[in-house]
Structures are given as C-alpha cells and as structure tokens.
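**Student:** attaching a predicted model along with its sequence, questions to come.
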Amino acid sequence: MGVNRFEHQRVQVADGVELNVATTGAGSPVVLLHGFPQTHLMWRHVAADLAADHTMIMPDLRGYGDSDKPADTGLTYAKRTMAQDVVNVAKALGHDRFALVGHDRGALVAFRTGLDHPEHVTHLASLDVLPTLDMWDVMRGTSAAVGFHLFLMAQPPGLAEELISARPDAFFGHFLDVWSTAEFPADVRAEYLRASREAVTSIVADYRASATIDVEHDTADREAGAQLKMPVTVLQQDWGAALGFDAEALWRAWAPDLDHRTVSCGHFMAEEAPQQVADAIRDLLTR
C-alpha cells in the first residue's frame, strides 16, 4: 500500500487524546494534514518526494484514521482545538517551527493553525478548499448541490450519523469516485473506506463544527482584520468559475503574501498530481 515506508507512533496531544502520526525523511519539518474521506496515506507520493530534504510529519487528524475519536463536547472538533493538536504533535517530535500543508479538512485546520499560532508556522499551503466563512458564502443556489454533505452533516446530532452509518461505503465511496479524475488503487480505496466506516460519528462532528463553532471563531477573526502572516500557497481546481466567485481574491483577503495556482486535476491532487504539489511546496519553502 506504500504506507509501510513510514514510521508510525502514537503522540499524545491532549488529556486522553492520542494521534496516529507517520513520519519519514530528514531535514526541516513539514507537517501534512489530510482531507476527507482520507487519512495520512494520501500523502504517500508527496512525502516520498520531499523526504530527501525534509522531515515529513503526517498525523491522522483527531477523529480520523487510526487517531483517537473523542466524544464531541462542542469544542472537541473545533478547528482551534485541532490546530492545537498540530502544534502539540510538532513539539512532541522536537519541532517548535514548521511548514504546514493541508488538503480539504486538513487545510481548514492548517488555516486556523496559521491564524492562532503564527509563531510556529513558517509557511502554509492549502489544497482545494476555501476558508470556512467564504465556503459558506459561495455555496448557494443549485450550484450548492455539489456540497450537499456540508449541509447534511451540519444538522444536530442524530440524523446524519444514522443515515451515513446505514451505508457508509456508499456515502464515503461517492466522494472518492466523483471528486477524482482517476481511480484509487484498490488497497488505498479499501483503507479509506475502512477508516471512514469506523469514524462516522467523529467525521460528522468535525463537519458540524464547521457550521457552528468554527464560524464563530472565523467571524471574530475576520471582524478583527486577522490575516495569515506567513507566505501562503493555495492550489485549487478552477471550480470558482462554475460557482461564480474569484477564489484568489477570497484567499488574498486572508493571506497578503499569496501564491495562488490552478491545478488541472480532480480534488485529490496530492494523489492525482503529486509532482505539481511537491514542486509547489518546494517553491513555497524558498519564499
């Protein structure tokens, strides 16, 4: 499956919460955060490319993969909480400052980490997502159908968990199929489905947080004029044209030092276009 090239360890990030963390390589640290419905395994190609020059740190986010899945208390899956996890993982591995790259859900955690902990994040990259407030602003009309899962998992506890648990492979497999321009290797797809099937409740809690507490935190920051202080690279599909918004302009409002690039592939660009992603990260690290 390719994951065996990594070393794995359990890292405590909070009382009673440990994350599964994969590492490889040597050199300045780069933390990679996976998206939905995936695990750290999505970085297998990019990490192998960058490992010659960098220590690659790839946690499964809390609630995902083989990391702990604590019960939701309202703040458990706030991106602010998950951002602290990232800082704690890096510190546990001996790194006070690090570059940070996130895809999809992991990019939202990276965004919050950059806002809350600029003293720790040297460079930041986001793959194929908008900041939470902008995402909710652009998801309107019939074009919002592409994000139906956002609205489903934003509902109060109970309904989404019951519906998804009834057919988890059909639900999570849908996104692996329609968001990609290429098929996943069978063993990789099976691992993503296995991990997601075992994490329905915590995955829903993560998404619910993005419609509740994360909105509160991001709104407060936007009203205060908060911005990302570090160099930022954003890679996105050109889905802004279809939905009627300027993704680069939305990102630049948060990140003045921005390199915004359009990538011609599907959503899972670290697996569909790993060389482009690795090259963009290298470019970012020279800024």
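**Tutor:** Cool, got the structure.

**Student:** in stretch 150-165, what counts as buried?
**Tutor:** 153, 154, 160, 161, 163, 164 (16 or more other Cβ atoms under 10 Å). Backbone N, C-alpha and C define where each C-beta goes, glycine included.

**Student:** for the fourth one, helix, strand, or coil?
**Tutor:** For residue 161, the reduced secondary structure class is helix; criterion used: DSSP: H, G, I helix; E, B strand; the rest coil.

**Student:** follow-up on the earlier one: can you add pLDDT and distance to residue 227 and give the buried residues of stretch 150-165 back as TSV?
**Tutor:** Below are those laid out as TSV (pLDDT from 0 to 100; distance: Cβ to Cβ, whole Å):
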residue	pLDDT	distance to residue 227
153	98	29
154	97	27
160	98	33
161	98	36
163	98	38
164	98	36
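
**Student:** dump the residues you listed to JSON lines, plus distance to residue 258.
**Tutor:** Converted to JSON lines, the buried residues of stretch 150-165 look like this (distance: Cβ to Cβ, whole Å):
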{"residue": "153", "distance to residue 258": "29"}
{"residue": "154", "distance to residue 258": "28"}
{"residue": "160", "distance to residue 258": "34"}
{"residue": "161", "distance to residue 258": "37"}
{"residue": "163", "distance to residue 258": "38"}
{"residue": "164", "distance to residue 258": "35"}
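
**Student:** and of those residues, the nearest to residue 5?
**Tutor:** residue 164 (31.9 Å; Cβ to Cβ).

**Student:** who's in contact with the closest one?
**Tutor:** Residues near residue 164 by Cβ atoms under 8 Å, 6 or more residues apart in numbering: 171, 200, 204.

**Student:** now those residues in JSON lines, with distance to residue 11 and neighbour count?
**Tutor:** Shown next, in JSON lines, are those (distance: Cβ to Cβ, whole Å; neighbours: other Cβ atoms under 10 Å):
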{"residue": "171", "distance to residue 11": "29", "neighbour count": "21"}
{"residue": "200", "distance to residue 11": "24", "neighbour count": "21"}
{"residue": "204", "distance to residue 11": "24", "neighbour count": "26"}
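
**Student:** out of these, list just those in strands.
**Tutor:** Members of the contacts of residue 164 lying in strands (criterion: DSSP state E): none.
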